[in-house]
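Visitor: here's a sequence, model it:
(chains A, B, C and D)
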Number of protein chains: 2
Amino acid sequence: MSKEDSPEPPRKAGRPRSEKARAAALAAAYAILKEKGFARVTVEAVASRAGIGKPTIYRHWANARELAMAALMAHGAIQPGKAAQDTADDDPIIALEDQLVAMTARFATPAGRQVALMVAAADSSSELTKSFRNQVIGQSRETARALLTRAVETGRLRADFDMEIALDLLHGPIFYRLLVGHLPLDEGFCRKLISACLRGLEFG
Amino acid sequence: MSKEDSPEPPRKAGRPRSEKARAAALAAAYAILKEKGFARVTVEAVASRAGIGKPTIYRHWANARELAMAALMAHGAIQPGKAAQDTADDDPIIALEDQLVAMTARFATPAGRQVALMVAAADSSSELTKSFRNQVIGQSRETARALLTRAVETGRLRADFDMEIALDLLHGPIFYRLLVGHLPLDEGFCRKLISACLRGLEFG
DNA sequence: TAATTACGTTACGTTGCGTTTCATAATGAG
DNA sequence: CTCATTATGAAACGCAACGTAACGTAATTA
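Guide: Here you go, the predicted structure:
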């Protein structure tokens, strides 16, 4: 259920799309992305570097932003790091902390900030955008959701909170500091944030 | 202490900058911003509409983004709404709720989303960006900070939390939903968010 | 073999950028 | 008053990238 990419290849008439050209475009886009940043991933630069034609790129993606998102997804540069699950302590709370700290560290870089910005600025109506959003933010949410659920089941947390709100509570402030940049986004902040989420501001 | 705009006008030699041209640019930029959105605020469009020259615009602002930010600030389109303070209940917690709900309502629009996106995407090294950020997010934070402080003083909240963390806890998730758009950003969310912040996820 | 579709190349028109040049206008200094 | 200084609007520039169209060619199905 994880890969229903092509239910069936209906094999139309005519010359098939070149998978080689597609892969070359993704590779070139990813290379430019890493070397020169998001703004330099232009259709013309990718076409030139990949040795393919511009029209071919437009046959596969709507514009350079979508191509950049596709390149990031294709190269798995957004994966939440399975290390989080390896490090998973018996205590789901500690595991949650570790996972959020790791996620923060991955995003608190110029490249990570660009990825977050791409999510924020992307055209919401595009299917590719939705996939990208799911990879960038959905993954971390699902991991956190599982840990919170386990924490509730083992009696470490109350059970009467709204799960989506809780996830926003944990992730929102990180995203906020990352993009607004009003205050530093470091591990100390991340840990204090989690602590505050758990304890709340009121008297117990 | 609120307007130390020009400590002194050092009156250099030569023709002075045309305040009329400056105002025309800001007005035209704001009009285009409202009518056609942020992306259409180009230096050429503003110059044409304002009846001024492109070089004049570049003499005042570094690029179209900064001009757009300046236009928004000049027209006070970002003010936090003093209504929040008027509505201020005796109970600072209720006042805080009202203020955050009002802020959310203002931002949960296409225009508000654009403003948030401008903050996120702006060049952090620019002074104008910092001013803009202060107007967009600083204002609401200061209001919330005052209310939280009052709530602590009147014994409604614990006093051992980190104020900046608390402010991020309240604002971050709103900003997050606004820009990521994974789930709706409405008043119900806003109120549940505040409730969760106050209570925390742990047992009391 | 014919129809169909994608390929890479090349070229096109468009938009917007940021800069330069120009003659002209407005100010302060001498 | 005259001069140096600086800003103005107008026009034009070269640059980059956009997205599209026109080719002739290659690959595939019917």
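Visitor: chain neighbours aside, what residue packs nearest to residue A:169?
Guide: The shortest distance from residue A:169 to any non-neighbouring residue, by C-beta to C-beta, 6 or more residues apart in numbering or on different chains, is to residue A:197 (5.1 Å). Placement of C-beta: from N, CA and C, glycine included.
Visitor: and for the one you found, the neighbour number?
Guide: 22 (other C-beta atoms under 10 Å in any protein chain shown).
Visitor: can you tell me the element it falls in?
Guide: helix A:187-199 (DSSP states H and E).
Visitor: what's the mean pLDDT across that helix?
Guide: Across helix A:187-199, pLDDT averages out at 97.
Visitor: point me to the residue of chain A nearest chain B.
Guide: Closest contact between chain A and chain B, by C-beta to the nearest C-beta, is at residue A:200 (2.5 Å).
Visitor: which residues touch the closest residue to that residue other than its chain neighbours?
Guide: Nearest residue to residue A:200, sequence neighbours excluded (C-beta to C-beta, 6+ apart): residue B:200, at 2.5 Å. Residue B:200 sits next to A:196, A:197, A:198, A:199, A:200, A:201, A:202, A:204 when contact means C-beta atoms under 8 Å, 6 or more residues apart in numbering or on different chains.
Visitor: the residue positioned nearest the centre of chain A and residue A:108, how far apart?
Guide: Closest to where the C-alpha atoms of chain A average out (C-alpha atoms, centre = their mean) is residue A:136, at 1.2 Å. As judged by C-beta to C-beta, to the nearest Å, residue A:136 and residue A:108 stand 14 Å apart.
Visitor: ok, residue A:58 next?
Guide: 35 Å.
Visitor: which of these two has more neighbours?
Guide: The residue with more neighbours, out of residue A:58 and residue A:108, is residue A:108; 18 against 14, by other C-beta under 10 Å.
Visitor: what about the residue lying closest to the more buried one once chain neighbours are set aside, how many neighbours?
Guide: Excluding its sequence neighbours, the residue lying closest to residue A:108 (C-beta to C-beta, 6+ apart) is residue A:185, at 4.7 Å. Per other C-beta under 10 Å, the neighbour tally for residue A:185 reads 26.
Visitor: so residue A:185, which of the three states?
Guide: Under the three-state scheme (DSSP: H, G, I helix; E, B strand; the rest coil), residue A:185 adopts coil.
Visitor: so it touches residue A:174, yeah?
Guide: Yes: taking contacts as C-beta atoms under 8 Å, residue A:185 lies within contact range of residue A:174: 6.7 Å.
Visitor: show me the common contact partners of those two, please.
Guide: In contact with both residue A:185 and residue A:174: A:104, A:107, using C-beta under 8 Å, 6+ apart.
Visitor: tell me which element residue A:156 is part of?
Guide: Using DSSP H and E, no helix or strand contains residue A:156.
Visitor: nearest residue to it other than its sequence neighbours?
Guide: Excluding the flanking residues, the one nearest residue A:156 by C-beta to C-beta, 6+ apart is residue A:93, at 5.7 Å.
Visitor: next: residue A:77.
Guide: The nearest residue in space to residue A:77 (C-beta to C-beta, 6+ apart) is residue A:30, at 7.5 Å.
Visitor: mind listing what's buried in the helix or strand that neighbour falls within?
Guide: For residue A:30, the host element (DSSP H and E) is helix A:19-36. Across helix A:19-36, burial judged by 16 or more other C-beta atoms under 10 Å in any protein chain shown covers A:21, A:22, A:24, A:25, A:26, A:27, A:28, A:29, A:30, A:31, A:32, A:33.
Visitor: could you do stretch A:147-157 as well?
Guide: A:147, A:148, A:150, A:151, A:152, A:156, A:157.
Visitor: so which of those residues is the closest to residue B:104?
Guide: Comparing those against residue B:104 with C-beta to C-beta places residue A:148 closest, at 24.1 Å.
Visitor: restricting to C-alpha, output the helix or strand harbouring residue A:111 in PDB.
Guide: Using DSSP H and E, the element containing residue A:111 is helix A:110-121. The C-alpha trace of helix A:110-121 is given here as PDB (Å, rounded to 0.1, in the frame of the first residue of the first chain):
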ATOM      1  CA  PRO A 110      19.700  27.300   5.200                       C
ATOM      2  CA  ALA A 111      18.700  24.300   3.100                       C
ATOM      3  CA  GLY A 112      16.100  23.200   5.600                       C
ATOM      4  CA  ARG A 113      14.700  26.600   5.800                       C
ATOM      5  CA  GLN A 114      14.400  26.700   2.000                       C
ATOM      6  CA  VAL A 115      12.400  23.400   2.100                       C
ATOM      7  CA  ALA A 116      10.000  24.800   4.600                       C
ATOM      8  CA  LEU A 117       9.600  27.900   2.600                       C
ATOM      9  CA  MET A 118       8.900  25.900  -0.500                       C
ATOM     10  CA  VAL A 119       6.100  24.100   1.400                       C
ATOM     11  CA  ALA A 120       4.700  27.400   2.600                       C
ATOM     12  CA  ALA A 121       4.900  29.100  -0.800                       C
END
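Visitor: for it, buried residues please.
Guide: So helix A:110-121, judged by 16+ other C-beta under 10 Å, has buried residues A:112, A:113, A:114, A:115, A:116, A:117, A:118, A:119, A:120.
Visitor: now the last one. Nearest residue, chain neighbours left out?
Guide: Closest residue to residue A:120 apart from its sequence neighbours, by C-beta to C-beta, 6+ apart: residue B:179 at 3.9 Å.
Visitor: give the contact list for the one you found.
Guide: A:119, A:120, A:175, A:179, B:113, B:116, B:117, B:120.
Visitor: quick one, what contacts the last one?
Guide: In this case it means residue B:120. Per C-beta under 8 Å, 6+ apart, neighbours of residue B:120: A:117, A:120, A:179, A:180, B:179.
Visitor: quick check: it vs DNA strand D, distance?
Guide: According to C-beta to the nearest atom of the strand, to the nearest Å, residue B:120 and DNA strand D sit 21 Å apart.
Visitor: how about the third one?
Guide: From residue A:175 across to DNA strand D, the span is 26 Å (C-beta to the nearest atom of the strand).
Visitor: report pLDDT for that residue.
Guide: Residue-level pLDDT assigned to residue A:175 equals 98.
Visitor: now it, what's its secondary structure?
Guide: Quick answer, by three-state DSSP: residue A:175 is helix.
Visitor: excluding chain neighbours, give the residue nearest to it in space.
Guide: residue B:176 is the one closest to residue A:175 (C-beta to C-beta, 6+ apart), at 4.7 Å.
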